[in-house]
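Engineer: dropping a prediction and its sequence here:
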Amino acid sequence: PSLIYLSEKTRSFKLKKTKERILHIDKQKGKRFPYYKPIILFFSLLTLFSLFGVFKVRFNADFYHLGYKNSLSDHLREKAEQVIKMPIKPIIFYAKNWQTTEELTDTISEMKKNGELPTLGKLDSLSHYLPEEKILKEKRKILKEIRVLLNDSVLEKIKEDNEKIKIKRLIQMAEKAPAQSILDVPDDLKRQFVSQKGGFFVFYYPDPLFSLSDTGNIKKISEDLEKITQKFLPENIFIASEAFIFNKLFTKIKNQSFYILPFTFLLMFFTLWLNFRSIKFVFASFIPLVSGTLWTFGWIYLFRWELNYFNITIFPVIIGVSLNYGVHILHRLKEEGRENIFFIFRTTGISVFTAAAVNIVGIGSLIFSFYEGLSSMGKLGLAGLLTCSLAGSIFMLSLIEIRKDYKGKNLKIKPEILEKNKHIDT
């Protein structure tokens, strides 16, 4: 305002507001807000739809879905998981020594056999490639029988070179003894299990039915991992698991939200009360926030979007901006009165839409990002700001207009007020 006043004094900037335009806007005073009943009906149906959809909205907890769209690595990962029917990113246990590795492998295998680990699909450990003594004896017996068969004179009569090479390789393999220690395991197979700093890795592959995109599955996997770690000393084994980390993160968010959200709304309520000094106006200013946020969930359900770690950060922006829309409209309502609803829409309501459009362009531009996480932020921001601007202007003004219908039947107007506003056609 100070810059506008200075520019008018220096005539460096002139506002183009002619007398005819002022008179045209002033003529809108006293007119009722058009189509307020169909508007309320439409948004009431939208509210019912959103109430149904809010329980269907899904949070995708898989961080890998937020990367570059249609990347080659994503296609290869999905194809590999379809072929092997297992996730290619397992949960990794690290054991400090070989004895702990064997104990860990045996413990997990036994728990799986007893049905204590429903999330386990496959366990891969170096100890699996070292047979037990009973199995080792059976293998030696089988190898001895194979050697006898390979020494048959009939095989010497084979003339094809490819067949002779295969038989020769089979004889060499049969002459080797089964692996009895980790030193006997081939290096190509062993190196994935052995740490460069000492110690060994055990790979825990979750069942494909327990996808990491579902927070419920993450919790179940974490519970199974907790069962395993409780049987060992913390200094003997370590876990590298996204499910473990995300479950702790979700638990902290859930616990802290019980007092952060009430405190936030209480602080907003107190701030608005200092402004309006009216409980009625404070509750009215929350209409854009509550209804706009609810409709945003309806939008998410309609277009089958998902919440994720990126786009949930847009909600604080939506909450703050949606309150601004309602505050502007209510302040103008206190100045102009309930009889000038259409005039309020033509002035402050248009300004609210313009401000919302600028915000939508700024945040909505993220839609064009090639990264799914940023693109989802743009989609949710567009939906939230658009619905909140509609709730803060059209919907709120329609509610005020229809309230006049029900209160106006028994409303007694003082003669001096009626004389002052006789030009109003209501």
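Structural biologist: Nice, thanks for sending it over. Residues are numbered from 1 along each chain as shown.
Engineer: got the phi/psi numbers for F286?
Structural biologist: In terms of degrees, to the nearest 10, the main-chain angles of F286 are phi -80, psi -10.
Engineer: what's near enough to touch I329?
Structural biologist: 344, 348-349, 352, 392-393, 396-397 (Cβ atoms under 8 Å, 6 or more residues apart in numbering). (Each C-beta comes from the backbone N, C-alpha and C, glycine too.)
Engineer: which of those residues sit farthest apart?
Structural biologist: I344 and G392 (11.9 Å; Cβ to Cβ).
Engineer: on that earlier part again, show me the contacts of I329 that map onto strands.
Structural biologist: Among the contacts of I329, no member falls in strands (DSSP state E).
Engineer: between those residues, which sits nearest P118?
Structural biologist: G392 (48.3 Å).
Engineer: residues near the closest one, how many?
Structural biologist: Using other Cβ atoms under 10 Å, G392 is surrounded by 30 other residues.
Engineer: looks like it contacts V352 (just checking).
Structural biologist: Yes: between G392 and V352 there is a contact at 6.0 Å, judged by Cβ atoms under 8 Å.
Engineer: who touches both of these two?
Structural biologist: 325, 328-329.
Engineer: and the helix or strand hosting E226, what's buried?
Structural biologist: Using DSSP states H and E, E226 sits within helix 215-229. For helix 215-229, the neighbour count (16 or more other Cβ atoms under 10 Å) marks 215, 217-218, 220-222, 224-225, 228-229 as buried.
Engineer: now do stretch 39-53
Structural biologist: 39-40, 43, 46-47, 49-50, 53.
Engineer: using TSV, lay out those residues together with secondary structure and pLDDT.
Structural biologist: Formatted as TSV, those follow (DSSP: H, G, I helix; E, B strand; the rest coil; pLDDT from 0 to 100):
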residue	secondary structure	pLDDT
I39	helix	92
I40	helix	92
F43	helix	93
L46	helix	93
T47	helix	93
F49	helix	94
S50	helix	93
G53	helix	90
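Engineer: of those, closest to D405?
Structural biologist: Using Cβ to Cβ, these come closest to D405 at I40, 10.9 Å.
Engineer: which non-adjacent residue is nearest that closest one?
Structural biologist: Sequence neighbours aside, S398 is the residue nearest to I40 in space, at 5.0 Å (criterion: Cβ to Cβ, 6 or more residues apart in numbering).
Engineer: how close does the one you found get to E102?
Structural biologist: Taking Cβ to Cβ, to the nearest Å as the measure, S398 falls 72 Å from E102.
Engineer: the more surrounded of these two?
Structural biologist: Neighbours around S398 and E102, counted as other Cβ under 10 Å, are more numerous at S398. The numbers are 23 against 17.
Engineer: hmm, the more buried one is touching P38, no?
Structural biologist: No: in this structure, S398 is not within contact of P38 by Cβ under 8 Å, at 9.0 Å.
Engineer: how about T387, what does it touch?
Structural biologist: Residues in contact with T387 (Cβ under 8 Å, 6+ apart) are 291-293, 295-296, 299.
Engineer: can I get the buried part of those residues as one PyMOL selection?
Structural biologist: Buried residues within the contacts of T387, by 16+ other Cβ under 10 Å, are selected in PyMOL with:
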select buried, resi 291+292+293+295+296+299
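Engineer: can I get the contacts of T387 in JSON lines with pLDDT, secondary structure and distance to I318?
Structural biologist: Converted to JSON lines, those look like this (pLDDT from 0 to 100; DSSP: H, G, I helix; E, B strand; the rest coil; distance: Cβ to Cβ, whole Å):
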{"residue": "S291", "pLDDT": "91", "secondary structure": "helix", "distance to I318": "12"}
{"residue": "G292", "pLDDT": "90", "secondary structure": "helix", "distance to I318": "7"}
{"residue": "T293", "pLDDT": "90", "secondary structure": "helix", "distance to I318": "6"}
{"residue": "W295", "pLDDT": "93", "secondary structure": "helix", "distance to I318": "11"}
{"residue": "T296", "pLDDT": "93", "secondary structure": "helix", "distance to I318": "7"}
{"residue": "W299", "pLDDT": "92", "secondary structure": "helix", "distance to I318": "12"}
